[in-house]
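> Build the 3D model from these lines:
(one chain, ligands or ions: 1)
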Amino acid sequence: MSSITEVKVPDIGDFKEVDVIEILVKPGDLVAKETSLITVESDKATMEIPSPVAGVVKELRVKLGDKVAEGSMILLLEASEGEAPAQSPKGAGISAPSTSVSKPAAAPAPAPEPAAVPIPKPAPVPIEPVAEVPAFKPHASPSVRKFARELGADLAKVQGSGPKGRITQEDVQAFVKGIMTQAPARAPAAAAPGGVPFNLPEWPQVDFAKFGPVELKPLSRIRKLSGANLHRNWISIPHVTQFDEADITELEAFRKESSAASEKQGFKLTMLAFLIKACITALRQHPEFNASLDRGGENLVLKKYFHIGVAVDTPDGLVVPVIRDADRKGVYDLARELAEVSKLARDRKLKPGDMQGGTFSISSLGGIGGTAFTPIINAPEVAILGVSRSAMRPVWVVGKGEAGQFVPRLMLPLSLSYDHRVIDGAAAARFTSYLASVLSDIRRSLL
Ligand code: CAO
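Now for the predicted structure:
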């Protein structure tokens, strides 16, 4: 049994109309559920619209340059056998077919219920939003970025020939062709983003089923996107992680004392809100941690604002919403906003703009466990603070009332990953020591 699904533009957040800048499929293409169909662009954000169901593209209803809005028809899709046509709950992502034309089934089978299948919403985008085009980032759509990544081409070096200097797939092809014709004949080499050639052995092709039963679990869209960004950041940024710990005995007591007020208002005053506050104090003292390298890698862009990204674990993967102007917010406001954005993230309701513009990120696994980890920097930021679970430990006291004794103190493990092109080890050690001192006496954040 197959049916025709009208695929329409889903809820696109605050934008009334957006331009179609790429058409990623053509009639006859077989697409999987969540395959990107088109890319749309507003003033400064691009977004790929995924297919709500698997099937074959029957007819395109948009062309390049069209302006579309929520509800505009994109294409007709003949859903694959067994796929229920997408239904669109009001306000949900891809719209339901307004007409659903049933074809005769090949064999008698119970007609599938026009079931409400879960509809992918426009992707809440992880780590680095697909949508973002900051000043120092080459202007290219997500699929062109992906294409460039696959070829190992550094987009920063590609000249864009599209509207407003946008880099097209042809530009990337021409760039790669240019390099290939200049390169001396030698073993195949892939260029890393920094231009350093890699000669890597091929990825092992293993038939896992030969060794035991297996099951295929498709990666969620968020996981695929965040995976690609994490991979890029991991291979292109020389990471070093500085470990430290902060004595938060007094801060934890203060947090508990102050929790009643927030609980009355329906949110938790978690340690993370205090951590954001303390990080801002440390970032003010160490501005190179609140910065990005410019496009040419020649200057550091020091940011005078403090937008703090917070990694949120969701069933579909990791996303990093940004708390804007965190320096201007009190601890209660930060805690409330954290609760709100975590909920939005887990309900897949974040918009691309909610994940843009971060200047420094915090990834807290404190609610789960562990003693330390090495977080991956959220480019184009230059540092990220990982926080693990606090624990009571015997601490040897020097030069205080209890000098020469072990005393039980609540210690919070800190793991600061930094971009070693921008930050030296000594600066990172100073940063975490200072941060630990602020956390052990939060009054320092008033100074
Ligand atoms: N040490 C000990 N306990 C901690 C703690 C810490 N460092 N941090 C939080 N807790 C406690 C909280 O007090 C809370 O306790 P109660 O349930 O008794 O009130 C519990 O752990 C759960 O906290 P939480 O996780 O709900 O709240 P949070 O503000 O600490 O964190 C958020 C919010 C969104 C960051 C978190 O839920 C989350 O998603 N963390 C995962 C992030 C992640 O995956 N990072 C890895 C990315 S790889 O770089």
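> Distance of the closest residue to Asp419 other than its chain neighbours relative to the ligand?
Ranked by C-beta to C-beta, 6 or more residues apart in numbering and with sequence neighbours excluded, the top spatial neighbour of Asp419 is Val382, at 4.2 Å. Where you see a C-beta, it was placed from the backbone N, CA and C, and this is true even at glycine. Per C-beta to the nearest ligand atom, to the nearest Å, Val382 is found 15 Å from the ligand.
> Would you agree Val382 is in contact with Ile423?
Yes. In this structure, Val382 is within contact of Ile423 by C-beta atoms under 8 Å, at 6.3 Å.
> More neighbours: which of those two?
Val382 (25 against 21; other C-beta atoms under 10 Å).
> The closest residue to Asp354 other than its chain neighbours: neighbour count?
Leaving aside its chain neighbours, Asp354 sits nearest to Pro321 (5.0 Å; criterion: C-beta to C-beta, 6+ apart). For Pro321, the neighbour count with other C-beta under 10 Å is 24.
> Return the distance of stretch 270-285 from the chain's centre.
22 Å (C-alpha atoms, centre = their mean, to the nearest Å).
> in it, what's buried?
270-283 (16 or more other C-beta atoms under 10 Å).
> which residue ranges form the helices in the protein?
Assigned by DSSP state H, the chain shows helices spanning 142-151, 169-182, 221-236, 249-264, 271-285, 331-346, 425-440.
> Take those helices and lay them out in CSV including distance to Ala69 and mean pLDDT.
Output for those, formatted as CSV (distance: least, C-beta to C-beta, whole Å; pLDDT from 0 to 100):
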stretch, distance to Ala69, mean pLDDT
helix 142-151, 20, 81
helix 169-182, 26, 79
helix 221-236, 23, 93
helix 249-264, 40, 94
helix 271-285, 37, 97
helix 331-346, 23, 96
helix 425-440, 46, 98
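> Relative to Met392, tell me which of these wins on proximity.
helix 249-264 (8.6 Å; C-beta to C-beta).
> on that earlier part again, name the residues contacting each of Val382 and Ile423.
Glu288, Phe289 (C-beta atoms under 8 Å, 6 or more residues apart in numbering).
> Find the closest residue to the ligand in this structure.
Gly366 (2.1 Å; C-beta to the nearest ligand atom).
> who are the neighbours in contact with that residue?
Contacts of Gly366 by C-beta under 8 Å, 6+ apart are Met271, Leu272, Val387, Ser388, Arg389, Ser390, Leu412.
> Now the second one: closest residue in space that isn't a chain neighbour?
Which is Leu272. Ser364 (5.3 Å).
> And the third one, by the same measure?
Excluding its sequence neighbours, the residue lying closest to Val387 (C-beta to C-beta, 6+ apart) is Ser364, at 4.3 Å.
> where does that neighbour land on pLDDT?
You'll see Ser364 listed with a pLDDT of 98.
> Enumerate every residue touching Ala282.
Phe289, Phe431, Tyr434, Leu435, Val438.
> So the third one is in contact with Leu283, correct?
The reference is to Tyr434. No. Counting by C-beta under 8 Å, Tyr434 does not reach Leu283; the two are 10.1 Å apart.
> quick revisit: can I get the contacts of Gly366 in a markdown table with distance to Ile442?
As requested, those are exported to a markdown table (distance: C-beta to C-beta, whole Å):
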| residue | distance to Ile442 |
| --- | --- |
| Met271 | 11 |
| Leu272 | 14 |
| Val387 | 15 |
| Ser388 | 20 |
| Arg389 | 20 |
| Ser390 | 15 |
| Leu412 | 12 |
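> Can you tell me which residues in the stretch 301-447 of the chain are near the ligand?
Neighbours of the ligand within the stretch 301-447 of the chain, by C-beta under 6 Å from any ligand atom: 310-313, 318, 338, 342, 363-367, 375-376, 387, 389-390, 412.
> For ChimeraX, write a command that selects the buried ones of the residues you listed.
Buried subset of those, written as a ChimeraX selection, criterion 16+ other C-beta under 10 Å:
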select :310,311,312,313,318,338,342,363,364,365,366,375,376,387,390,412
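> Among the residues of the stretch 301-447 of the chain next to the ligand, which ones are in strands?
When these are checked against strands (DSSP state E), the matches are Val310, Val312, Asp313, Leu318, Ser363, Ser364, Val387, Leu412.
> circling back: of all the helices of the chain, which lies closest to Leu60?
helix 142-151 (16.2 Å).
> Give the buried residues for the closest one.
Buried residues in helix 142-151 (16+ other C-beta under 10 Å): Pro142, Ser143, Val144, Arg145, Lys146, Phe147, Ala148, Arg149.
> what's the answer for stretch 440-447, then?
By neighbour count on 16+ other C-beta under 10 Å, the buried set for stretch 440-447 is Ser440, Ile442, Arg444, Ser445.
> So what touches it?
If you take C-beta under 8 Å, 6+ apart as the criterion, stretch 440-447 is touched by 246-251, 254, 274, 277-278, 280-281, 437-438.
> before we move on, what about stretch 14-24?
Under C-beta under 8 Å, 6+ apart, the answer for stretch 14-24 is 9, 12, 35-42, 45-48, 60, 62-69, 141, 143-144, 166, 351, 353.
> Pull stretch 214-221 out as CSV, backbone CA atoms only.
What follows is stretch 214-221, C-alpha atoms only, in CSV (Å, rounded to 0.1, in the frame of the first residue of the first chain):
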residue,chain,number,x,y,z
VAL,A,214,23.1,-7.4,15.7
GLU,A,215,20.4,-4.8,15.3
LEU,A,216,20.5,-1.6,13.2
LYS,A,217,19.5,1.6,15.1
PRO,A,218,19.5,4.7,12.9
LEU,A,219,21.2,7.8,14.4
SER,A,220,18.8,10.6,15.2
ARG,A,221,19.1,13.8,13.1
